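Peer 1: Could you look at this predicted model? Sequence included:
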Amino acid sequence: MLEQGLLVAFPTETVYGLGADASNPAALARIYEAKGRPSDHPLIVHLSPQAELEHWATDIPDEARRLAQAFWPGPLTLILQRAAGVPDAVSAGQSTIGLRCPSHPVALALLQAFRQGQGGIAGPSANRFGHVSPTSAQHVRDEFGAHHPLIGCILEGGQSAVGIESTIIDLSRLQSHGPVLLRPGKLTAREIGDVLGRTVTMPDQSAPRVSGTLAAHYAPATALALVPGERLDAVLAALAAQRRRIALMHYSPLPAVDGVAASTVASIRVQADPAAYAHALYANLRVLDQAAADLIVVETPPTDAGWEAVNDRLRRSAHDSSGMLARMLGQQAV
Ligand code: TXA
Ligand code: MG
């Protein structure tokens, strides 16, 4: 199917991808069409462990080889200078390319079978643009239907272990900017900096564009508000007093407050552990989004080390509904 230019959805350890032959511009165009993704957003190319980096990237710094050695197969994407001959559409016309070797066994088997392990599979997350990323084959069917005309098949691979997208490190401007973290993920800037022996910095204005870093992204259809634990009881009570339908995700124990139980149409208590939280995050958001609530209320996660990626995704999920909670509560001080 990949050789015929069809899309193949496949599991990875982070989220499910919507794959296409990275050397076929017509196949790449189908990714943008199926996702409704703006054509100026570059794609990540997935490679097998045997693939030749030189086929895809040029001016590859030693730092890239060290990170690949340390973390591939795994949830790390490296931005490098794109090699000549790789279609423009892969990187939406930018001179760089995002590369990653995933560790999910089904992804590895697919990559090894495709052109004897030398092919590249361009794959964004298998969701419609701006939506919550899929962490199961069922989520992909929920996004695109079971029989989408552009999607040849959806490979089954269980639930994605990591649950949020890969960490993205820009090494394409190493000389001038050093290694730059474009998107936080399970692998932290500190772990990456430890391997490189230097500090990984945060992006500046001229850093490459990353759609996963748009202020609004990863968003459920229902409005979502982040509420700190210390305000949670008061906010829930105020919403309940207005008979609002609440879908709740929290990790702190909640005392029973009058009326709140009746207003809470869905409730998930998550573990206060960043890996477990990330693993379940998108599936939980999908469940809460199905509850026909007026508002998804999420207890703001801790801000300790290890929680950066979860907080990053939740902030973007909440962005489009910022102000919604304040409007609902009006003058009520809580
Ligand atoms: O974990 C992941 O990375 C998943 C799985 C399927 O591998 N993929 C994923 O793809 O999250 P996508 O397209 O949803 O997000 C990839 C991000 C986008 O924000 C894109 O802008 C950025 O990577 N990206 C890709 N190539 C780039 C490049 N050459 N320069 C800068 N950013 C790039
Ligand atoms: Mg995505």
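Peer 2: Received, thanks. Note that the structure is predicted; figures quoted are calculated from it, not measured. Ligands and ions are numbered 1, 2, ... in the order given.

Peer 1: okay, CA-based contacts and neighbour counts for the rest of this
Peer 2: Will do.

Peer 1: what about the longest helix in this protein?
Peer 2: Determined from DSSP state H, the single longest helix within the chain is helix 274-289.

Peer 1: Tell me the buried residues in that one?
Peer 2: Residues of helix 274-289 classed as buried: 274-275, 277-286, 288-289 (neighbour count, 16 or more other Cα atoms under 10 Å).

Peer 1: which one among these gets closest to Arg66?
Peer 2: For those, the residue nearest Arg66 by Cα to Cα is Ala275; the value is 24.5 Å.

Peer 1: I'd like the average pLDDT over stretch 288-298.
Peer 2: The average pLDDT within stretch 288-298 is 97.

Peer 1: and it, how far out from the chain's middle?
Peer 2: 20 Å (Cα atoms, centre = their mean, to the nearest Å).

Peer 1: what comes up buried for that stretch?
Peer 2: 288-289, 291, 293-298.

Peer 1: outside of it, which residues touch it?
Peer 2: 220-227, 244-250, 265-267 (Cα atoms under 8 Å, 6 or more residues apart in numbering).

Peer 1: Just say helix, strand or coil for the residue lying farthest from the centre of the chain.
Peer 2: Going by Cα atoms, centre = their mean, the residue of the chain most distant from its centre is Asp258, 37.3 Å out. The three-state assignment at Asp258 reads coil, by DSSP: H, G, I helix; E, B strand; the rest coil.

Peer 1: contacting residues for it?
Peer 2: So Asp258 contacts Ala237 (Cα under 8 Å, 6+ apart).

Peer 1: need the contact list for Lys186.
Peer 2: Lys186 touches 75, 162, 164, 166-167, 275, 306, 309, counting by Cα under 8 Å, 6+ apart.

Peer 1: what's the closest of those to ligand 1?
Peer 2: Ser166 (3.7 Å; Cα to the nearest ligand atom).

Peer 1: give me the number of residues near that closest one?
Peer 2: For Ser166, the neighbour count with other Cα atoms under 10 Å is 24.

Peer 1: Can you lay out the buried residues of stretch 288-298 as CSV showing distance to ligand 1?
Peer 2: Shown next, in CSV, are the buried residues of stretch 288-298 (distance: Cα to the nearest ligand atom, whole Å):
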residue, distance to ligand 1
Leu288, 22
Asp289, 20
Ala291, 25
Ala293, 27
Asp294, 27
Leu295, 25
Ile296, 23
Val297, 25
Val298, 23
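
Peer 1: one step back: now go through the contacts of stretch 288-298 and say which are in helices.
Peer 2: Using DSSP H, no member of those sits in helices.

Peer 1: could you pull out the strands for the stretch 151-300 of the chain?
Peer 2: Here the stretch 151-300 of the chain has its strands, by DSSP state E, counting those that start in this stretch, at 151-154, 167-170, 180-183, 224-227, 246-250, 264-269, 295-299.

Peer 1: in what helix or strand does Arg37 lie?
Peer 2: For Arg37, there is no enclosing helix or strand under DSSP states H and E.

Peer 1: Contact partners for it?
Peer 2: 31, 128-129.

Peer 1: Mind doing that once more with 7 Å?
Peer 2: Under the criterion of Cα atoms under 7 Å, 6 or more residues apart in numbering, the neighbours of Arg37 are Phe129.

Peer 1: before we move on, what about Trp307?
Peer 2: Pro274.

Peer 1: Check the gap between it and ligand 1 for me.
Peer 2: 17 Å (Cα to the nearest ligand atom, to the nearest Å).

Peer 1: With Glu230 instead?
Peer 2: 33 Å.

Peer 1: Tell me how many other residues crowd that residue.
Peer 2: Glu230, neighbours per other Cα under 10 Å, totals 11.

Peer 1: any weak-confidence spans in this protein?
Peer 2: 204-214, 331-334 (pLDDT under 70).

Peer 1: quick revisit: now the buried residues of stretch 288-298 as a markdown table including distance to Arg65?
Peer 2: Below are those laid out as a markdown table (distance: Cα to Cα, whole Å):
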| residue | distance to Arg65 |
| --- | --- |
| Leu288 | 41 |
| Asp289 | 41 |
| Ala291 | 46 |
| Ala293 | 48 |
| Asp294 | 48 |
| Leu295 | 46 |
| Ile296 | 42 |
| Val297 | 42 |
| Val298 | 39 |
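
Peer 1: possible to save the buried residues of helix 274-289 as TSV with distance to Thr14?
Peer 2: Shown next, in TSV, are the buried residues of helix 274-289 (distance: Cα to Cα, whole Å):
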residue	distance to Thr14
Pro274	14
Ala275	12
Tyr277	13
Ala278	10
His279	9
Ala280	11
Leu281	12
Tyr282	11
Ala283	13
Asn284	15
Leu285	16
Arg286	16
Leu288	21
Asp289	21
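
Peer 1: between those, which is nearest Cys101?
Peer 2: For those, the nearest to Cys101 is His279 (19.4 Å; Cα to Cα).

Peer 1: residues contacting that closest one?
Peer 2: 161-164.

Peer 1: Ile79 and His177: what is the separation?
Peer 2: 13 Å (Cα to Cα, to the nearest Å).

Peer 1: Quick check on the two: which one has the bigger neighbour count.
Peer 2: Ile79 (24 against 15).

Peer 1: what helix or strand is the more buried one on?
Peer 2: Ile79 belongs to strand 76-82, assigned by DSSP H and E.
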